[in-house]
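[1] got a structure for you, letters missing:
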């Protein structure tokens, strides 16, 4: 059963084709790495999947709903965490959890239970009343991820979630991702760290608006006869015609 | 509804956690009212004048006393010649000089002249002084039965604001300014901040309706404006003795309608600006300046070139200030300000229509 189905998805801005007829499927509970150099079109593609942007052409279904017509249903079933914004810094930890839980329509009982569970899972019970601004970046990102899946979505989109985070915290962050995937939440993640690409079930690599490779990390390395994902990425990305 | 309440609660957290900004929003109106009330004033008090009395008779004596008795003027001294007047003007010792010709009382049937000299390097002040002195002399000469034969003398009576108090003019003006400042500026900055931080994307991905986002952003500032309306009215009533002749409810209702216009302006600006700075700049240049210059708050609209008069019709504050003066100072009812209310409501309608349209398309 696929939770994301894209068929010949295209997005043009004037004469510029940001996303050029990409097709792929993502299965339930899968960790799907969405890679590409800056300007390859991965952010645009992800914005379309989240309903932030309308595609020019192509068929897209997210969580079983049509992205053109059933935007509201799509929104109910997805979570989103952007790199730029993690949480409201002038709100306390529990207030952030409540806010996003409330936005997704969780009941009072669910909110209470969720807040306790998230704080317990992140080992942050003593930080309940701390302002998010006072937390280190890594903690903020982990909290932001937990908040992004507070409503148990079917898919969560992560846009470079670990940018600027130290390796230890990144490791812990990926622990959280695995836990969520085990619960059946599909993870759609973009990243620039190739060690993280190794953690994914499958990886797609975008070059100049097209998907040039899509397979498990193991298969990709074999196909390109290289040792690691870094070399896979490099051999593909250097073919790119367009820059930033 | 629950979504909306969660989001509204967050907006209040933002505002109360940022105490400095909130305090500024409450303090600015107070400062402005006090400033306009006491410091920035075109009213003239105790302007010193000298007299060059070449006639020195009973009538001139009497006229000088009348002038001196007035709160506007203070008698400085008698001078002997024009050179002395000039020196005193240059030393900034006096604001006005009165010159009576020789044989003032004897010649009056033929032709008498009183010369008034004022320092026109401050044109506003000198005009007011001359006009005021003239009217004092005229009424005094009229009262004196000997002078009744002299032509037709206009009788001027100032309605509604007989003492020509500035406060009557600027209190509505300050209200017009403050509400724009708080509603438009704070709302647009509040929304643009979410864009700038990237949180707007997260909100747009969520099922939260954009109407809720807008409403939740506007509600706290509407409340703060309400506090400000009461604060300014209270200050001007108790401190500056500005009357509220008409109904207080009409004044408040009118102000809330105006606040709505300001909010929708802020909304529109938030769809144009991408950073908080540009939102502030647009509010400052495109809202504050026109409100101050074109609303009739400081410069009378009737005196503007026609193109500016046409432009001033687009300024919400213009309609608000006119209507507010009508109700507060003249005591008119809600029926009399219906045209202004209609215009303000139409403006709100169009602004919201435009912003909602822009709010949707800007996602692309």
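    Sure, I can see it. Everything quoted here is computed from the prediction, not taken from an experiment.

[2] which strands and helices sit next to whichever strand or helix holds residue A:211?
    Element membership for residue A:211 (DSSP states H and E) is strand A:210-215. On a contact count with 3 or more CB pairs under 8 Å, 6 or more residues apart in numbering or on different chains; DSSP states H and E, strand A:210-215 meets strand A:16-27, strand A:202-207, helix A:217-223, helix A:229-237. C-beta: built from backbone N, CA, C; applies to glycine.

[3] I'd like to know how many residues surround the closest residue to chain B within chain A.
    Across chain A, the shortest distance to chain B (CB to the nearest CB) belongs to residue A:102, at 2.7 Å. Residues lying near residue A:102 (other CB atoms under 10 Å in any protein chain shown) number 23.

[4] In chain B, which residue sits closest to chain A?
    For chain B, CB to the nearest CB, closest residue to chain A: residue B:6, 2.7 Å.

[5] Report the mean per-residue pLDDT for stretch B:318-335.
    Average pLDDT, stretch B:318-335: 88.

[6] If you count neighbours, what's buried in that stretch?
    Going by neighbour count (16 or more other CB atoms under 10 Å in any protein chain shown), the buried part of stretch B:318-335 is B:318-329, B:332.

[7] now do stretch A:5-18
    For stretch A:5-18, the buried set under the neighbour-count rule, 16+ other CB under 10 Å, comprises A:5, A:6, A:9, A:10, A:11, A:17, A:18.

[8] Can you add pLDDT and give these back as CSV?
    Shown next, in CSV, are the buried residues of stretch A:5-18 (pLDDT from 0 to 100):
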residue, pLDDT
A:5, 93
A:6, 93
A:9, 93
A:10, 93
A:11, 92
A:17, 89
A:18, 90
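
[9] any low-confidence regions in the stretch 1-150 of chain B?
    Counting by pLDDT under 70, the stretch 1-150 of chain B shows low-confidence ranges at B:37, B:39-44, B:107-112, B:144-150.

[10] for chain A, what are the nearby residues on it?
    B:2, B:3, B:5, B:6, B:7, B:9, B:10, B:13, B:14, B:17, B:18 (CB under 8 Å from any CB of the partner chain).

[11] mind checking how far residue A:62 is from residue A:159?
    15 Å (CB to CB, to the nearest Å).

[12] packing partners for the helix or strand where residue B:344 lies?
    Assigned by DSSP H and E, residue B:344 belongs to helix B:338-361. Contact here means 3+ CB pairs under 8 Å, 6+ apart; on that basis helix B:338-361 packs against helix B:210-238, helix B:248-272, helix B:316-325.

[13] Other residues contacting it?
    Contacts with helix B:338-361, where a contact means CB atoms under 8 Å, 6 or more residues apart in numbering or on different chains, come from B:210, B:214, B:254, B:257-258, B:260-261, B:264-265, B:267-268, B:270-272, B:316, B:319-320, B:322-323, B:326, B:334.

[14] List only buried entries from those residues.
    B:214, B:254, B:257-258, B:260-261, B:264-265, B:267-268, B:270-271, B:316, B:319-320, B:322-323, B:326.

[15] What count of nearby residues applies to residue 50?
    Just so you know, I chose chain A. Applying other CB under 10 Å, we find 24 residues neighbouring residue A:50.

[16] Chain B, not that one
    Neighbour count of residue B:50, defined by other CB under 10 Å: 22.

[17] so what does the helix or strand where it lies touch, helix or strand wise?
    Per DSSP H and E: residue B:50 is located in strand B:47-53. Helices and strands touching strand B:47-53, by 3+ CB pairs under 8 Å, 6+ apart, are helix B:58-69, strand B:73-78, helix B:82-90, strand B:96-100, helix B:123-143.

[18] Which other helices and strands does the fourth one contact?
    The one in question is strand B:96-100. Secondary-structure packing of strand B:96-100 (3+ CB pairs under 8 Å, 6+ apart): strand B:47-53, helix B:58-69, helix B:82-90, strand B:115-118, helix B:123-143.

[19] Break chain B down into its domains, please.
    Domain assignment for chain B, taken from automatic domain parsing, gives B:2-40+B:165-361, B:47-147.

[20] out of the ones you listed, deepest packed?
    Among these, ranked by average contacts under mean count of other CB atoms under 10 Å in any protein chain shown, first place goes to domain B:2-40+B:165-361 (a mean of 18).

[21] give the contact list for the residue positioned nearest the centre of chain A.
    Most central in chain A under CA atoms, centre = their mean is residue A:158, positioned 2.1 Å from the mean C-alpha point. Each residue near residue A:158 by CB under 8 Å, 6+ apart is listed here: A:81, A:145, A:148, A:177, A:187, A:188, A:189, A:190.

[22] From those residues, which land in helices?
    Mapping those onto helices (DSSP state H) picks out A:145, A:148, A:177.

[23] Go through those and name the one nearest residue B:281.
    Lowest distance from residue B:281 to the ones in helices among the contacts of residue A:158 (CB to CB) belongs to residue A:148, with 34.0 Å.

[24] That closest one: neighbour count?
    Neighbourhood size, residue A:148 [other CB under 10 Å]: 26.

[25] what angle separates the helix or strand bottoming out on mean pLDDT in chain A from strand A:210-215?
    Least confident helix or strand of chain A, by mean pLDDT, DSSP states H and E, is helix A:229-237 with a mean of 84. Relative orientation of helix A:229-237 and strand A:210-215, computed by axes from the mean of the first three to the mean of the last three CA atoms, to 10 degrees: 150 degrees.

[26] Hey, what's the angle from helix A:229-237 to strand A:202-207? Just curious.
    40 degrees.

[27] Just the residues contacting helix A:229-237, thanks.
    If you take CB under 8 Å, 6+ apart as the criterion, helix A:229-237 is touched by A:35-37, A:40, A:194-195, A:197-198, A:203, A:205, A:207, A:212-213, A:217, A:220-221, A:224, A:226.

[28] Can you give the domain ranges for chain A?
    A:1-77+A:154-244, A:82-152.

[29] In a markdown table, list the ones you listed along with distance to residue B:85.
    A markdown table is the format used below for those (distance: least, CB to CB, whole Å):
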| stretch | distance to residue B:85 |
| --- | --- |
| domain A:1-77+A:154-244 | 75 |
| domain A:82-152 | 65 |
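
[30] Between those domains, which one is closest to residue B:242.
    The closest of these to residue B:242 is domain A:82-152. By CB to CB, the value is 38.7 Å.

[31] centre of the chain versus that closest one, how much separation?
    A distance of 17 Å separates the centroid of the chain from that of domain A:82-152, by CA atoms, centre = their mean, to the nearest Å.

[32] Relative to residue A:58, how far out is residue A:106?
    To residue A:58, residue A:106 is 34 Å away according to CB to CB.

[33] oh, I was asking about residue A:207
    For residue A:207, the distance to residue A:58 (CB to CB) stands at 18 Å.

[34] When those two are compared, which one has more neighbours?
    Ranked by neighbour count (other CB under 10 Å), residue A:207 and residue A:58 place residue A:207 first, with 21 against 17.

[35] got the phi/psi numbers for the nearest residue to that one once chain neighbours are set aside?
    Leaving aside its chain neighbours, residue A:207 sits nearest to residue A:240 (5.1 Å; criterion: CB to CB, 6 or more residues apart in numbering or on different chains). The phi/psi pair for residue A:240 (degrees, to the nearest 10) reads phi -60, psi 140.

[36] so residue A:240 sits right up against residue A:38, yeah?
    No: counting by CB atoms under 8 Å, residue A:240 sits too far from residue A:38 to count as a contact (9.8 Å).

[37] So between the two, which is more surrounded?
    Neighbours around residue A:240 and residue A:38, counted as other CB under 10 Å, are more numerous at residue A:240. The numbers are 17 against 11.

[38] For the more buried one, give me its contacts.
    When contacts are counted by CB under 8 Å, 6+ apart, residue A:240 touches A:37, A:40, A:207, A:208.

[39] May I see those organised as CSV, with pLDDT added?
    Listed next are the contacts of residue A:240 as CSV, based on pLDDT from 0 to 100:
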residue, pLDDT
A:37, 83
A:40, 85
A:207, 89
A:208, 88
